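# What would the 3D arrangement of this be:
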Amino acid sequence: MSTTSSPSLVELQAQLKERLESIALGGGTRRMEAEKAKGKLTVLERLNVLMDNIDECIEIGALAAYEMYEAEGGCPSAGVRVLVGKIAQQLCVVVANDATVKAGAWFPMTAKKNLRAQEIAMENHLPIIYLVDSAGVYLPLQNEVFADKEHFGRMFRNNAHMSAKGIVQIAAILGSCVAGGAYLPAMSDESFIVDKTGSIFLAGPYLVKAAIGEDVDAETLGGSSTHTEISGVVDHKCADETTCLNKIRQHIEFLSSPKPSLFNRIKAQAPSKDIHSLASVFPMDRAKPYDMMEVLESIVDAGSFEGYKENYGQTLICGYARVEGWSVGIVANQRKVVKTKKNEMQMGGVIYSDAADKAARFIMNCNQRGIPIVFFQDVTGFMVGSRSEHGGIIKDGAKMVNAMANSVVPKFTVIVGNSFGAGNYAMCGKAYDPRWIVAWPTAQIGVMSGASAAKTLLQIQQANAKAKGITWTAEEEALLLQEITEKYAKELSPYYAAARLWIDAIIPPMATRHWISTGIEAAQHSSESKKFSTGVIQT
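Numbers count the residues shown, from 1 in each chain. Here you go, the predicted structure:
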């Protein structure tokens, strides 16, 4: 793959912006007009009424289902918008169905995205508001969304658990709410329904006719009057959507004030380096070295970084800093080649034994002091070879993973470049419960680099062919290598990861500070964050 043809950081950010704008259109302008003809607002209009300032919100999973479900015509953003932002000055999670996308039906990724929203609400103890407008499970894919542990039903289990934990849940029925989805408003603390457009029932008129022979219209079966005057399923009837959303804002105002700041914060300072300077610092060739400290200087508050064991284990940068005034611990892969005191050269982006040992101890310190940790990933993995094995790289790597996995302070992960193999795990990949994990458009996520994977897979296929007595020409071998490389490159893309919610979002570098700051603000609402400990680390 030619490095000269690699797009620049500026081009990658422009591509991201263009794709997000396209996805925000949901099912398209024609579908939006059809919904508005029913007296309904678009998803964006609903969110603008509900949120204090939508531009200050962060969006989870905007790229969910990207380039998936093509046989079904696509499912932009998995048919649901998830925002974390303020309503009446209270930080909340909002889940809003988009009826322009397959009538808001639940695809497999829709379920996964809804569960991720609930997970964020639960671990941060944030109020969650559901804006319901959904036709229910997408039946052609029901086998992928219905019965397993992480499928549709898990949402109602989470409703019950959040209720037990005292996490506020509010549901607004703005359109259809059918079948199993009807349990969502019933299991929320308070529910609202819009007259004429909102409806809720376990089975719609057609299914009722087929099942028991009863002829009944949707409004009589499950409209606003039925459920606010007869069944009592819904608490409030609203004349229109704007009234409904403003009533929810009023109810959020009645909540108790957020807890005093749990984590240390002082007045924020701008970074010492302009984030736009990264265009000249950050190489598009993912194999090229660079100084990660120059990246960090465009993220952390000016003059705030204090290194930890700076001359030891130099392929990992550890230190304390501030981001928008918040105190944080930073663990970042150093990508430049470093020289040790023993006059040895260590490759950038690789975790050596000394670096793993340093990181484990630093993570323990952050837990003792109640300091959230931010991981900046650009990692190719742990160092391999006889020298590393004899030096105990597995033991030291295990110490780092142990410390990171047992860490109880909030963790946040930013993938700025490579995220390969066990390095992804040790640097707090998705499997290790970061409060959220985001990637820059320059990220690559996979078991190994594209070049290494392509050569390995080619060797395997060559061995299989040879065992069957098949020989390839040089041209056939080159063509196969190209096919393997292109397939693997697609799977390394951050868009591939974002589509499957391996990451919460792809963000431009300039948004990094806001995501970290909002994450810490959200985390301080959770009483669990007060239970700091060092974990159990074997030395």
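# and stretch 41-60, how far apart are its ends?
End-to-end span of stretch 41-60 (Cα to Cα, to the nearest Å): 21 Å.
# can you check stretch 294-307 too?
Between the opening and closing residues of stretch 294-307 there is a gap of 14 Å (Cα to Cα).
# contacts for that stretch?
Residues outside stretch 294-307 that contact it (Cβ atoms under 8 Å, 6 or more residues apart in numbering): 268-275, 277-278, 281-282, 317-325, 328, 330, 332, 376, 416, 509, 512-513. (Each C-beta comes from the backbone N, C-alpha and C, glycine too.)
# can you do 6 Å?
For stretch 294-307, the external contacting residues (Cβ atoms under 6 Å, 6 or more residues apart in numbering) are 269, 271-273, 275, 278, 281, 319-323, 512.
# So which of the residues you listed sits lowest on pLDDT?
Least confident entry in those, by pLDDT: residue 281, with 84.
# Just want the phi and psi numbers for that residue.
According to degrees, to the nearest 10, the main-chain angles of residue 281 amount to phi -90, psi -40.
# same check, this time on residue 238
Backbone torsions of residue 238, given as degrees, to the nearest 10, read phi -120, psi 140.
# Make TSV out of the contacts of stretch 294-307 and add secondary structure, distance to residue 205 and neighbour count.
As requested, the contacts of stretch 294-307 are arranged in TSV below (DSSP: H, G, I helix; E, B strand; the rest coil; distance: Cβ to Cβ, whole Å; neighbours: other Cβ atoms under 10 Å):
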residue	secondary structure	distance to residue 205	neighbour count
269	coil	61	14
271	coil	59	18
272	coil	64	14
273	coil	62	17
275	helix	55	18
278	helix	57	21
281	helix	62	15
319	strand	63	20
320	strand	62	19
321	strand	60	21
322	strand	59	21
323	strand	54	26
512	helix	50	22
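# what's the neighbour count on residue 461?
The burial count assigned to residue 461 is 16, neighbours taken as other Cβ atoms under 10 Å.
# Residue 52 too?
Other residues near residue 52 come to 15 when the count uses other Cβ under 10 Å.
# residues of stretch 172-189 that come out buried?
When burial is assessed from 16 or more other Cβ atoms under 10 Å, stretch 172-189 yields the following buried residues: 172-179, 181-189.
# Show me those residues that map onto strands.
172, 173, 174, 175, 176, 177, 178 (DSSP state E).
# Just say helix, strand or coil for the nearest residue to the fourth one once chain neighbours are set aside.
Yep, that's residue 175 we're talking about. If you skip the residues right next to it in sequence, residue 175 has residue 133 as its closest partner in space, 3.3 Å away by Cβ to Cβ, 6 or more residues apart in numbering. Reduced to three states with DSSP: H, G, I helix; E, B strand; the rest coil, the structure at residue 133 is strand.
# which ones are touching residue 133?
Contacts were defined as Cβ under 6 Å, 6+ apart; by that measure residue 133 touches 97, 99, 104, 174, 175.
# Check the gap between the residue lying closest to the fourth one once chain neighbours are set aside and residue 219 for me.
Counting by Cβ to Cβ, 6+ apart, residue 133 is the residue found nearest to residue 174 once chain neighbours are left out, at 4.8 Å. Shown here: residue 133 relative to residue 219, a distance of 16 Å by Cβ to Cβ, to the nearest Å.
# What of residue 27?
When Cβ to Cβ is applied, the distance between residue 27 and residue 219 equals 25 Å.
# got it, and residue 119?
Residue 119 sits 36 Å away from residue 219 when distances are taken as Cβ to Cβ.
# same thing with residue 16?
From residue 16 to residue 219 the distance is 44 Å (Cβ to Cβ).
# By mean pLDDT, which helix or strand of this structure comes out lowest?
helix 386-390 (a mean of 72; mean pLDDT, DSSP states H and E).
# got a list of contacts for the very next helix or strand once past it?
Taking DSSP states H and E as the definition, the helix or strand that follows helix 386-390 towards the C-terminus is helix 393-406. Contacts with helix 393-406, where a contact means Cβ under 6 Å, 6+ apart, come from 353, 356-357, 359-360, 363-364, 382-383, 426, 428, 432, 535, 537.
# Those residues into JSON lines, with extra columns for pLDDT and neighbour count?
Rendered in JSON lines, the data for the contacts of helix 393-406 read as follows (pLDDT from 0 to 100; neighbours: other Cβ atoms under 10 Å):
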{"residue": "353", "pLDDT": "93", "neighbour count": "22"}
{"residue": "356", "pLDDT": "95", "neighbour count": "26"}
{"residue": "357", "pLDDT": "95", "neighbour count": "21"}
{"residue": "359", "pLDDT": "97", "neighbour count": "30"}
{"residue": "360", "pLDDT": "96", "neighbour count": "25"}
{"residue": "363", "pLDDT": "97", "neighbour count": "29"}
{"residue": "364", "pLDDT": "96", "neighbour count": "19"}
{"residue": "382", "pLDDT": "88", "neighbour count": "22"}
{"residue": "383", "pLDDT": "79", "neighbour count": "20"}
{"residue": "426", "pLDDT": "95", "neighbour count": "30"}
{"residue": "428", "pLDDT": "97", "neighbour count": "25"}
{"residue": "432", "pLDDT": "96", "neighbour count": "19"}
{"residue": "535", "pLDDT": "50", "neighbour count": "15"}
{"residue": "537", "pLDDT": "49", "neighbour count": "15"}
